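Asks: Dropping the sequence and predicted coords here.
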Amino acid sequence: MKSPDPAPAAPATMAAAPAPAARFGFRTHPNEVDLRRIERLLEKRMRYRYVSPRVEACEDGYRVVSPCCSRTVDESGGEIDIARLEYDAAAGNWRLYSKDHARGEWMFYDSGRQIDAVLMALLADPYRVFWP
């Protein structure tokens, strides 16, 4: 009776394991799919429904810009920053920021695991935090 062949030796160098995002099929940010998703969600907003905001890719997320029809920030009605969405891959959370136009700074507003839930504040905006 012949003895079974020994187990094959492990290769001297192992290929690096794929990053967790790639291993589970997650998309890195920004990406075209989520950009379009945000654009569709913005159609459901309560404020300034007569203007056409734009969603732009930026580092680690997305930026929403829109004409300033109220002229409270830009008297000429030019485009202003409305919101910034940032994906924190380490925490697996989305972060939503509003723009403090007087100081020129992004201000943290909310965070959550699902982009739709985080965007609800931007869509309703009862206190005019995002849409001045």
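Replies: Arrived safely, thanks for sending. Numbers count the residues shown, from 1 in each chain.
Asks: got the contact list for E43?
Replies: Listed by CB atoms under 8 Å, 6 or more residues apart in numbering, the contact set of E43 is empty. For glycine as for every other residue, the C-beta is placed from the backbone atoms N, C-alpha and C.
Asks: Need the pLDDT of it.
Replies: Looking at E43, its pLDDT reads 91.
Asks: and if you look at Q114?
Replies: 91.
Asks: check which helix or strand covers the nearest residue to it once chain neighbours are set aside.
Replies: Distances taken as CB to CB, 6 or more residues apart in numbering place W94 nearest to Q114, at 7.3 Å, with adjacent residues excluded. Assigned by DSSP states H and E, W94 falls within strand 93-100.
Asks: Repeat that for L119.
Replies: helix 115-124.
Asks: Pull out the buried positions in that helix.
Replies: Neighbour-count burial for helix 115-124 flags 115, 118-119, 121-123 (criterion: 16 or more other CB atoms under 10 Å).
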